[in-house]
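[1] I need the structure of the sequence given here:
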Amino acid sequence: MSQFRSEEMQLLQLYIQSDAAHDTLYELGALGAIQFKDLNNDKSAFQRIFVQDVRKCEDMLRILRYLKGHFDKEKIITGDGSRHDVAPLTSLNELHDRLQELEKEMKDHSDKYGQLVKQRTELEEHVQVLKHASKWFGQANRSGIAFTAPSLEEEGRHEMSSLLDENEAGITRRPPSMLGHIAGCIPSANMRDFTVTLFRATRGNMHLQHEELDTSENLSETELKSVFIVYFSGERSRAKIEKICESFGATKYRLPEGTSAREKDVQDLCERLKDLEIVIRSTSEYKRNRLRAIANSFELWIEQVTREKAIFHTLNLFNYDVTHKCLIAEGWCPVSSMSDVRDALRRATLKSGASVQTVVEVIKSRQTPPTFFKTTKVTAGFQAIVDAYGMARYQEFNPAVFTVITFPFLFGVMFGDIGHGFMMSMTGALLCLFEQRLSSAANNEMFGTLYHGRYNILLMGLFAIYCGFIYNELFSVPLEIFGSTAWCSGEMDDPQCSRIPGTSPDSTQKWLRSNLNEAFDFATGKSNEIEVTAQVYPFGSDPGWSHTSNKLNSANSFKMKFAIVAGVCQMVLGICCKLMNTLYFKDSITLYFVFIPEIIFINSIFGYLVLLILTKWTTNWNTAFVLNNDEIVHIPQVYCNDQLSNLPCWTAPFRYDRSSIAGYGSKLAELPEYMWCMKDKSATAGCAVFDWKGKIIVESNVYGNASLTQFANYNPTSCQEDISGCVMWKQSPPSLLDSLIKMFMEPGYVAIENQLIPGQGGLQAFLILLAFVSVPMLLFPKPFLLKRQHEENMARRGGFQALQERSDLVDGDVETGSGDSSHGHGHGEEFEFGEVMVHQMIHTIEYVLGCISNTASYLRLWALSLAHAQLSEVFWEKTVIEVGLESSSAALLFITIGAWSLFTVGVLMGMESLSAFLHALRLHWVEFMNKFYDGDGYPFRPFSFLTLGADE
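    From the prediction side, this is the model:
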């Protein structure tokens, strides 16, 4: 029942003792069977009773997210809490205190660790500055450095040289005119602007040396740095350069002038770096140990806090009865889960030690309950497709029951190919087979879509294989799986074809395989009086069509008619689903004045069209003949005996001279010359012979002689008068499009050559009358009947209307979007006749025009199937056949097969499958579900711990 209609719901009222509230919510959350209502709509979130508890949980979740960042940074995997050494869960307050301590500890540790890393970076940069300065000073000592100003060139070189000149004792001789210098590190990205700014600020009265550090020298910095030294003269230049260094983010370091002093500083800095590295490693290891200590409990903490937050948030929905000191809750619960709810409440009472059992009452309400369908892994994907259109109204018929079959079937019609369907079904089968392992990757949005629709993909692939067998296409290549083609080969090299006398081995005409040799003895020229039956390919399309010039016309004709048949059947199914709803809700007005007119209208036109299609498919047009331009007769292909005693029958095959036929040839020769179907010595399988009121009439060939088909020349009256007024000719399959058009343009009349059903003209006139009558029956009765029903209810209630409306308000607010507009008139709701009339008028116009447009919309099945087949054929023919196989090169064949595989996967399996999926989706939403589906309900969302991840 839950698959066809939603679960039956009850509105419960719970009286929960305050001490047992937390444990009660915990048990109900684990069960997940009640959707609680908010009884505090008039209060803001800050006025709820448990708002402080919710804030505390939010603060703990914030701390846990902060700690999660540290876990990810240190690449420590948190456990799932399944180990035995995990500490037991503590109370919420204790956990909050512990998390606050951990947060403070991690923040202090991060600050101190950041300071240590900064010190290490500065020491490393200082070492590099000293090393590069020693190198540059050594170069200047050997060659000198020219000052920028030409007038001071010699003096500048002398001063730079004297800066580096030392005596043997290492004591520097400092002349009175000494150049100043500033050394440091600067980001390499700022180096160019830094150089230009220095040059402009000092007007070129400086000398800058810089060098970018290697990546191996940037031990703890990801940003590239450059070492620089600026030589200048004067204190004013020093002040400018220092300000420029600060503005460009440069770090300045002390640079001793003596070589021995620089070497000593390098040694000291290296020693400090070693000590600092030890401290940093110890600090980092301490942090990792602290994180490892809580790693196994971390996921349990998240789960515990998330559940506690959900519990307190749900408790905020309840009313607090100050007098009885209890909480009052209301919620929807499936009737099938009532026993489980009562068991959960008893467990909660025992667990909390409360003295009073939680009281449960079932209350009556006029509010529309939520909709809940129990689904399985297979049906969940198809139910999601239906729910995406709109949630079903409470107890409304669930279209997902049919969608499980119709959706993949329509997809298979558009995507029909054995190879492509096999690839898709294998993809779905692998997703289903390894669903446990792949469940963790379902959080990814793109892969999650495929994972959750894995059974949809599997069924779509299977139906694509089924339709591929019907189309007989394996990557566009026809197969002879169920036997050989029913057609004789064009070269007549088939033994069965070559045994037929009268056929030429050089002829390219194709003949159907048949039991002609059994029905007629060619050796004696006698009839065995056995009906000739042609062979039929056992299943699917005959592969012989693939080698003909009109194969596309044949495929188009079948696929177009099949699309119309499938579409009309699905639309009629949708209207029948409306019948199920009307019977269930006991809505007699909708039953008699909506369903019946709709089902009559669609079947009078499009149901009749389907009947014509099926009749045309099942008629043996080889045995259908027009007799005297007045009636259709069917003459089985049984050959005549010598005495013509088995009339109606056929003349001997492949005898173009009727007088040469043994036995009855003389009788045929006496008939009018036009009574013979073989002309110009073109032999056929025989001409039909019919006995009409004692007169023998032989089939005529009307090609090139249209006068034979005119009723004024040949009719039953003229035939009654003389044999020369009789005629019989083979009927050709009529055009169904012309038949449908002339059904309205020429009502009541069907030309005899276009007749498919006896009495077709009168039947069409009757169906048109039914269609026209059903439109006003759909438009007018329902609004007036609803108006009368409303007036009767108003008169019955009389003066108590105001009191009734006031009691309706006391009952409770109606859920948003859950009103029942179809069944609520006359039950205290406001009734506007004009609005109802306009609504019914729109529905009538939409339905009448929709039947036409929706039927045409189903032709997309034909269009996409054709496009898929043609694309597949083009990829195969233009790559593998015309390039690969014709080249006689194995390497080129391998390349073309690879290209064909890419085209198949990328275009056909990728874009074409998505296109077919979207079109199948549209056909279900628009053409099928709008015939009966309201979709204005709201889903059942119970309080459950299983859905907390999605809610968060």
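[2] Domain map for the chain?
    9-108+285-363, 115-146+178-281, 620-636+727-755 (the TED database).
[3] just so I have it, where are all the helices in the stretch 701-850 of the chain?
    Under the criterion DSSP state H, counting those that start in this stretch, the stretch 701-850 of the chain contains helices at 716-721, 736-745, 760-779, 781-797, 801-811, 833-857.
[4] T618: which of those helices is closest?
    Nearest to T618, of all the helices of the stretch 701-850 of the chain, is helix 736-745, at 13.9 Å by Cβ to Cβ. (C-beta placed from N, C-alpha, C; glycine too.)
[5] counting contacts, what elements does the closest one pack onto?
    helix 608-618, helix 760-779 (3 or more Cβ pairs under 8 Å, 6 or more residues apart in numbering; DSSP states H and E).
[6] Output those in a markdown table; the columns should cover mean neighbour count, distance to A380 and mean pLDDT.
    Shown next, in a markdown table, are the helices and strands packed on helix 736-745 (neighbours: other Cβ atoms under 10 Å; distance: least, Cβ to Cβ, whole Å; pLDDT from 0 to 100):
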| stretch | mean neighbour count | distance to A380 | mean pLDDT |
| --- | --- | --- | --- |
| helix 608-618 | 16 | 33 | 94 |
| helix 760-779 | 17 | 37 | 95 |
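[7] which stretches of the protein have low pLDDT?
    1-2, 80-90, 140-178, 215-222, 489-510, 680-681, 798-829, 949-952 (pLDDT under 70).
[8] returning to what we had before: can you say which of the helices of the stretch 701-850 of the chain is packed in most?
    Of all the helices of the stretch 701-850 of the chain, helix 760-779 carries the top mean neighbour count, a mean of 17, counting by mean count of other Cβ atoms under 10 Å.
[9] Let's see that helix as CSV, backbone CA atoms only.
    Below are the C-alpha coordinates for helix 760-779, written out as CSV (Å, rounded to 0.1, in the frame of the first residue of the first chain):
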residue,chain,number,x,y,z
GLN,A,760,-15.0,3.0,-40.7
GLY,A,761,-16.8,6.1,-42.0
GLY,A,762,-19.7,5.7,-39.5
LEU,A,763,-17.3,4.8,-36.7
GLN,A,764,-15.3,8.0,-37.3
ALA,A,765,-18.4,10.2,-37.3
PHE,A,766,-19.5,8.7,-34.0
LEU,A,767,-16.1,9.2,-32.5
ILE,A,768,-16.0,12.9,-33.6
LEU,A,769,-19.5,13.4,-32.0
LEU,A,770,-18.2,11.9,-28.8
ALA,A,771,-15.1,14.1,-28.8
PHE,A,772,-17.2,17.2,-29.3
VAL,A,773,-19.7,16.3,-26.7
SER,A,774,-17.0,15.5,-24.1
VAL,A,775,-15.6,19.1,-24.2
PRO,A,776,-18.7,20.9,-22.8
MET,A,777,-19.2,18.0,-20.4
LEU,A,778,-15.7,18.6,-19.1
LEU,A,779,-16.2,22.4,-18.9
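[10] from the middle of its chain, how far away would it be?
    Mean C-alpha position of helix 760-779 versus that of the full chain (Cα atoms, centre = their mean, to the nearest Å) differs by 40 Å.
[11] Run through the neighbouring helices and strands of it.
    helix 596-602, helix 608-618, helix 736-745, helix 833-857.
[12] what's in contact with it?
    If you take Cβ atoms under 8 Å, 6 or more residues apart in numbering as the criterion, helix 760-779 is touched by 593-594, 596-598, 600-601, 604-605, 608, 743-744, 747-750, 757, 840-841, 843-844, 847-848.
[13] Please work out how many residues are found near R62.
    By the measure other Cβ atoms under 10 Å, the count of residues near R62 is 12.
[14] Likewise for S247?
    12.
[15] List the buried residues in stretch 638-655.
    638-641, 644, 647-655 (16 or more other Cβ atoms under 10 Å).
[16] Quick one: end-to-end distance for it.
    Start-to-end span of stretch 638-655 (Cα to Cα, to the nearest Å) is 16 Å.
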